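In: Predicted model follows, preceded by the sequence.
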Amino acid sequence: MNIFKLSLKNIFNKPLSSTISLALLILGIGIISLLLQLNTLIKDQMDNNLKGIDMVVGAKGSPLQLILSSVYHIDSPTGNISLEEAEKIIENRMVGSSIKLLYGDNFKGYRIVGAEKKFIELYNGKIKKGKNLSKPFEVLVGSKVYNKLKIDIGDDLISSHGLRETGESHDDQSFKVVGLLEPSNSVIDQLIITLPQSVWDVHGNHDHEKEHEHDHEEEHEHDHEEEHEHDHEEEDEHDHDEEHQHDDREITAILIKFKSPMNIIQFPRQINETTNLQAAVPSYEISRLFKLFGFGIETLSYLAYLIIIVSGFSLFINLFNSMRERKYEMALIRTLGASRLQLSTMIIFESIILTISGFILGLLFSRFGVMFVSSLMEESINYNLSSFKILNEEYWLLLLSVIIGLMASLIPAVQVYKMNISKILADA
């Protein structure tokens, strides 16, 4: 006698009660699995983008905003800082390595970042096609960008001012695509990278034209002066302008790695207290961010566990009622040669089949949830979180599901084992 087949038939003979129990299991397991997946994927993505960065220096404002804009590129920058002040920070004896960043433009919604070549090395970026940057207005394009926008080597990109596609276009200057980067599962996948000089040139053209017009007017005003004196003054003004232009250069942020981990305690405080700049420690700010969201995630987890427990009660009631309604049928099965243990095992099988089915469908539910959240994030901040790997915590979730199934079937299985066949058949 095939007890497993009988268990399946019993489940299908009670479609409504079986469906309710199964739906509750799917919902509870699906929510917990979704939270586990999102929490792990977001944390891995954030940790992956933090490697090699101990501190970020930028303009005064929100420290978290500075981290999100400079490390993860999902927020607006707090402002620009003077290159001269930045150099003083970089030359400090506590700084091991640093990377200057400039941004504020985009191409079709993807950020154009002016950075030194070591910015790509920071994320182990490798060129899939083309060559590395060698001069201004050349760009390397991240994998998500060229896949989404169908960009290839040799294409010209015209940037727009600001971090949104609706900004004013810089039609007077285009960027030439010289390289495509391999996928790295890091922030550079969604960036367009160029040399810092490119960003300075794009934003300096308009100001330079104004200065040139102003100098031209001054030349006409001083036509009555002697030719030698005029030439001397013009040369001095030219030298002063070059020095002034260099002093006026700005960057958006500096990514810093310390020589010693101990410097993370002293140096950020020193910058915040003694300069007009702001220093933020990414690991601290991200930890604080997770704590802020932790309460909501924990509450949802408790709710999901409660749903699983309710599904266990629902399963127990389903099996208990089913056992009472099928007493005569089970007595007949006993007369046909089935043992007490086989009938008890049939009840347990029914419960285990439902709980394992609920677990598998719950995992599928969570993966669809991850895909939905990932599509929303990709649309708004160009991040993708899709993953189909099974986490270690989900194996524990499977064990929990089986335990709930066993507990739900325990009392009905004992009742079936103690069943008095003679009395049941006599009463019938």
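Out: Done, it's in.

In: Can you show me the helices along the stretch 151-300 of the chain?
Out: 196-221, 227-248, 263-274, 282-325 (DSSP state H, counting those that start in this stretch).

In: packing partners for the third one?
Out: Counting contacts by 3 or more C-beta pairs under 8 Å, 6 or more residues apart in numbering; DSSP states H and E, helix 263-274 is packed against strand 55-59, strand 277-280. To be clear about C-beta, it is placed using only N, CA and C from the backbone, and glycine gets the same treatment.

In: Determine the set of other helices and strands touching the following helix or strand past the first one.
Out: On the C-terminal side of strand 55-59, the nearest following helix or strand under DSSP states H and E is helix 63-70. Applying 3+ C-beta pairs under 8 Å, 6+ apart, we find helix 63-70 packed against strand 55-59, strand 253-258, strand 277-280, helix 282-325.

In: Out of the ones you listed, flag the one nearest Glu393.
Out: helix 282-325 (10.8 Å; C-beta to C-beta).

In: State the mean pLDDT of that closest one.
Out: Here helix 282-325 scores 79 as its mean pLDDT.

In: If you count contacts, what does that helix end up packed against?
Out: Using 3+ C-beta pairs under 8 Å, 6+ apart, helix 282-325 sits against helix 15-50, helix 63-70, helix 340-381, helix 392-417.

In: looking at this structure, which helix or strand does the model trust least?
Out: helix 227-248 (a mean of 47; mean pLDDT, DSSP states H and E).

In: follow-up on the earlier one: okay, the helices and strands packed on helix 263-274 in JSON lines with distance to Lys108 and mean neighbour count next?
Out: JSON lines is the format used below for the helices and strands packed on helix 263-274 (distance: least, C-beta to C-beta, whole Å; neighbours: other C-beta atoms under 10 Å):
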{"stretch": "strand 55-59", "distance to Lys108": "26", "mean neighbour count": "24"}
{"stretch": "strand 277-280", "distance to Lys108": "30", "mean neighbour count": "22"}
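
In: got those strands as TSV, with distance to Asp44 columns?
Out: Below are those laid out as TSV (distance: least, C-beta to C-beta, whole Å):
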stretch	distance to Asp44
strand 55-59	20
strand 277-280	21
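
In: who wins for proximity to Ser351 among the ones you listed?
Out: strand 277-280 (52.8 Å).

In: what packs against that closest one?
Out: strand 55-59, helix 63-70, helix 83-90, helix 263-274.

In: change it to 6 Å
Out: strand 55-59, helix 63-70, helix 263-274 (3 or more C-beta pairs under 6 Å, 6 or more residues apart in numbering; DSSP states H and E).

In: deepest of these, which one?
Out: For those, the largest average neighbour count (mean count of other C-beta atoms under 10 Å) is found in strand 55-59, namely a mean of 24.
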